[in-house]
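> Below: sequence and its predicted model.
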Amino acid sequence: MVLAENKAVITLFGAAGDLAQRKLYPSLFKLYQKHYLGEHFALLGTSRRQISDEDFQEMVRQSISSIKETADGQAESFVKHFFFQSHDVTKPEHYVVLGKRIAKLEEQFDTEHNRLFYMSMAPQFFGTIAINLKKQNLLSDNGFNRLVIEKPFGRDFDSAKKLNDELTQTFDENQIFRIDHYLGKEMIQNIEALRFGNTIIESLWNNRYIDNIQVTLSEKLGVEERAGYYDQSGALRDMVQNHVMQIVAQLAMEQPVAFTDSDVRVEKIKALRSLRLYTPSEAAANFVRGQYDAGDNSTAYRKEDGVDPHSATETFVAAKLLFDNYRWSGVPFYIRTGKKMADKFTRIDVVFRKPLIDIFANPRMKSDQSLKSNVLTIYVEPKSGFALRVNAKSAGQGFTTTPVDLSFLQSSAAKEEAPEPYERLFHDALEGNHTNFASWAEIAYAWKFVDVIRKLWDIEDPQFPNYVPGSMGPAASDELLARDGRQWVYRLNR
Ligand code: BG6
């Protein structure tokens with residue numbers, strides 16, 4: 001296969017930051033190893049610090065040091081594409097200097113005047129940077145201009161709209177790539193393959209056959225060193241508004257006309273439009289929040305460094321979502337996510353309706369077994385794969401049924417080979433492919449949905465802490481489903 005080399009000067013705001021060193025440089029190196037990047041790219045890193053090009057190259061060298069070279073001298077030739085410019089994003093004159101350096105790098109590396117700007121820094125500066133890029137003439141006239149922007153995209157609908165208005169003074173919607181790293185995960189991308197590539201799945205993918213869908217994003221760690229950010233954010237903003245809503249949109253959307261970014265976007269937007277916007281009292285009934293307490297050898301959230309000792313920030317959210325459309329009317333989508341839970345995993349459980357009549361439960365068969373629901377589980381992480389639970393005859397004399405799994409799990413070798421989310425997403429942005437990025441309309445609907453519950457939670461005092469580390473959240477999360485006569489497919493055996 002002939003791979004197309006991407007040519008561009010990447011200007012990175014936040015080049016000395018943690019994300020850049022942990023994720024972005026290693027991802028670019030992988031792209032370089034696979035020849036998606038070659039001789040015609042350069043990265044101009046910026047931050048307020050004064051760092052020489054040599055020291056910056058050393059920083060990049062360190063950040064890729066654990067990746068095995070696939071050719072001699074590869075890491076060395078890669079780091080020679082990295083340069084640094086000290087930059088204060090609030091000073092217009094600094095952009096002039098930046099512009100000159102970009103132009104010089106463009107010539108040196110013959111990048112066809114393609115410019116990609118990447119914002120990976122404090123979100124309060126996103127708008128200022130975008131506006132200055134245009135005002136100080138940093139956009140290219142001949143090649144592409146693209147903006148990749150990290151989360152958070154606002155704190156609520158109003159602030160997100162303000163940010164979007166600022167960005168769109170400089171960039172069109174089709175030049176903006178809003179990162180949601182969950183969209184770069186193999187098994188999240190697989191939702192579309194599974195649904196639209198399989199008659200036996202897609203033909204059952206509706207309220208006639210599906211009873212409910214459950215999405216769990218569970219984390220074992222607490223807030224660690226990010227307490228400062230997290231205490232102002234909470235699980236609703238940190239995970240639900242973005243990752244969970246994006247996953248749910250892919251599960252709920254109609255089949256796109258074709259598998260192109262614009263067609264997928266249209267369907268995701270339509271799905272989110274039909275998500276029922278709760279009234280405050282419906283939101284209160286359909287959302288559960290939690291905050292972790294102290295456990296054996298672990299600190300309560302309120303006692304973590306950098307957390308307000310009276311913090312009302314939620315570290316856990318569970319909710320029931322409803323779509324008002326023909327396909328999903330009456331099918332609840334239950335979601336939950338939290339810190340300090342039993343384990344680190346992401347999974348989706350699609351619970352099918354039971355057969356209308358259970359002929360095996362006939363007393364004449366002398367069986368007290370009842371059929372279990374079929375469940376399609378999509379394992380996103382740490383294992384990657386699917387399992388379909390079906391009822392089968394238990395081997396042996398007599399006739400009872402037992403659930404068995406038809407499963408496919410990716411081998412560890414295949415998982416090793418699979419690109420990291422940031423590698424895929426960087427590549428997509430360089431290619432100009434929007435499929436795995438969130439559009440403004442999606443973000444706007446997601447904020448409108450979560451704003452209702454946020455406003456309510458901001459005025460009502462929670463009963464925190466209310467769950468122990470190592471559990472699957474507060475009891476109210478189980479009650480949310482029990483109320484509907486259902487239960488979480490994944491639960492701990494107590
Ligand atoms: C981030 C959140 O977006 O996602 C973090 O800010 C969270 O709080 C992380 O830990 C989880 O991502 P992953 O890929 O480890 O599941």
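Yep, that arrived.
> so what pLDDT did the residue nearest to the spatial centre of the chain get?
The structure's the chain has its C-alpha centroid closest to residue 182; by C-alpha atoms, centre = their mean the separation is 2.6 Å. Residue 182 carries a pLDDT value of 98.
> That one touches residue 248, doesn't it?
No - using C-beta atoms under 8 Å, residue 182 is not in contact with residue 248, being 11.1 Å away. For the C-beta atoms, the positions are set from N, CA and C on the backbone; glycine is no exception.
> rewinding a little: my read is the residue nearest to the centre of the chain is in a helix, agree?
Yes - applying DSSP: H, G, I helix; E, B strand; the rest coil, one finds residue 182 inside a helix.
> contacting residues for it?
By C-beta atoms under 8 Å, 6 or more residues apart in numbering, residue 182 lies in contact with 188, 242, 243, 246, 247, 346, 421.
> ok, it to residue 423 distance?
Residue 182 sits 15 Å away from residue 423, going by C-beta to C-beta, to the nearest Å.
> Distance check, residue 485 against the ligand.
31 Å (C-beta to the nearest ligand atom, to the nearest Å).
> Residue 332 versus that residue, what's the distance?
Separation of residue 485 from residue 332 (C-beta to C-beta) stands at 11 Å.
> Kindly report the same for residue 92.
51 Å.
> which of the two has more neighbours?
residue 332 (21 against 13; other C-beta atoms under 10 Å).
> so how far is residue 269 from that one?
Plainly put, residue 332 is 22 Å away from residue 269 if you go by C-beta to C-beta.
> again, but for residue 7
32 Å.
> hang on, residue 45 in a helix?
No - read with three-state DSSP, residue 45 is strand and lies in no helix.
> who are the neighbours in contact with residue 8?
41, 111, 112, 114, 115, 116, 143, 144, 430.
> Residue 228 too?
residue 306.
> Just the pLDDT for residue 491.
95.
> Look at it and give its secondary structure.
coil.
> Check which helix or strand the closest residue to residue 304 other than its chain neighbours maps to.
In this structure, residue 304 finds its nearest non-sequential neighbour in residue 227, 5.2 Å apart by C-beta to C-beta, 6 or more residues apart in numbering. Per DSSP states H and E, residue 227 falls inside helix 227-235.
> Could you write out the alpha-carbon coordinates of that helix in PDB?
Only the C-alpha atoms of helix 227-235 are listed here, as PDB (Å, rounded to 0.1, in the frame of the first residue of the first chain):
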ATOM      1  CA  ALA A 227      -7.500  17.800  41.700                       C
ATOM      2  CA  GLY A 228      -7.300  21.500  40.800                       C
ATOM      3  CA  TYR A 229      -9.000  21.000  37.500                       C
ATOM      4  CA  TYR A 230     -11.300  18.200  38.500                       C
ATOM      5  CA  ASP A 231     -12.800  19.900  41.500                       C
ATOM      6  CA  GLN A 232     -14.000  22.700  39.200                       C
ATOM      7  CA  SER A 233     -15.300  20.200  36.700                       C
ATOM      8  CA  GLY A 234     -16.700  17.000  38.100                       C
ATOM      9  CA  ALA A 235     -17.700  13.800  36.300                       C
END
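> And for residue 199, the neighbour number?
8.
> so who does it touch?
Contacts of residue 199 by C-beta under 8 Å, 6+ apart: none found.
> Quick check: the gap between it and the ligand.
To the ligand, residue 199 is 31 Å away according to C-beta to the nearest ligand atom.
> re the thing from before, return the subset of the contacts of residue 182 lying in strands.
If you go by DSSP state E, the contacts of residue 182 have residue 346 in strands.
> Kindly report the residues of the stretch 101-250 of the chain close to the ligand.
For the stretch 101-250 of the chain, the contact set with the ligand under C-beta under 6 Å from any ligand atom comprises 181, 219, 238.
> Just to check, the first one is in contact with residue 422?
Spelled out, it's residue 181. Yes - assessed by C-beta under 8 Å, residue 181 is found in contact with residue 422 at 6.6 Å.
> Present the contacts of residue 182 as a markdown table; the columns should include pLDDT and neighbour count.
Putting these into a markdown table (pLDDT from 0 to 100; neighbours: other C-beta atoms under 10 Å) gives the following:
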| residue | pLDDT | neighbour count |
| --- | --- | --- |
| 188 | 97 | 23 |
| 242 | 98 | 25 |
| 243 | 98 | 22 |
| 246 | 98 | 22 |
| 247 | 98 | 25 |
| 346 | 98 | 22 |
| 421 | 96 | 21 |
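> Now for the residue in the chain positioned nearest to the ligand: which residues touch it?
Nearest to the ligand in the chain, going by C-beta to the nearest ligand atom, is residue 238, at a distance of 4.7 Å. Residue 238 sits next to 152, 230 when contact means C-beta under 8 Å, 6+ apart.
> mind redoing it with 10 Å?
For residue 238, the contact set (C-beta atoms under 10 Å, 6 or more residues apart in numbering) comprises 151-152, 223, 226, 229-230, 232, 313-315, 317, 337, 339.
> Then residue 429?
Counting by C-beta under 10 Å, 6+ apart, residue 429 touches 6, 8, 10, 116, 118, 146-148, 176-177, 179, 436-437.
> The residue nearest to the centre of the chain and residue 14, how far apart?
20 Å.
> swap in residue 347?
32 Å.
> What of residue 195?
36 Å.
> So for those two, which sits in the more crowded spot?
residue 14 (20 against 15).
> from memory that one sits against residue 148, does it?
No - at 11.3 Å, residue 14 does not count as touching residue 148 under the criterion of C-beta atoms under 10 Å.
> Mind listing the shared neighbours of those two?
Between them, residue 14 and residue 148 share the contacting residues 24, 118, 119, 120, judged by C-beta under 10 Å, 6+ apart.
> Could I get the phi/psi values of the last one?
With angles defined as degrees, to the nearest 10, residue 120 shows backbone torsions of phi -130, psi 60.
> wouldn't residue 484 be in contact with residue 212 here?
Yes - between residue 484 and residue 212 there is a contact under C-beta under 10 Å: 7.8 Å.
> Now the common contact residues for the two.
In contact with both residue 484 and residue 212: 320, 332, 334, using C-beta under 10 Å, 6+ apart.
> hang on, the earlier thing: of the contacts of residue 238, grab the buried ones for PyMOL.
To isolate the buried members of those in PyMOL, using 16 or more other C-beta atoms under 10 Å:
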select buried, resi 151+152+223+230+313+314+315+317+337+339
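> Name the nearest of the contacts of residue 238 relative to residue 409.
The closest of the contacts of residue 238 to residue 409 turns out to be residue 337 (C-beta to C-beta; 23.0 Å).
> what is that closest one paired to in the beta sheet?
Assessed by DSSP bridges, residue 337 has beta-bridge partners residue 217, residue 317.
> Where do the strands of the stretch 351-494 of the chain begin and end?
In order along the chain, the stretch 351-494 of the chain carries the following strands (DSSP state E, counting those that start in this stretch): 375-381, 385-393, 401-409.
> Please find the angle between the direction vectors of the second one and strand 401-409.
It refers to strand 385-393. Comparing the axes of strand 385-393 and strand 401-409 via axes from the mean of the first three to the mean of the last three C-alpha atoms, to 10 degrees yields an angle of 160 degrees.
> next one: the shortest one
Orientation note: strand 375-381 sits at an angle of 30 degrees relative to strand 401-409 (the same axes, to 10 degrees).
> Buried by neighbour count: which residues of strand 375-381 qualify?
Neighbour-count burial for strand 375-381 [16+ other C-beta under 10 Å]: 375, 376, 377, 378, 379, 380, 381.
> do the second one as well
Judged by neighbour count (16+ other C-beta under 10 Å), strand 385-393 contains these buried residues: 385, 386, 387, 388, 389, 391.
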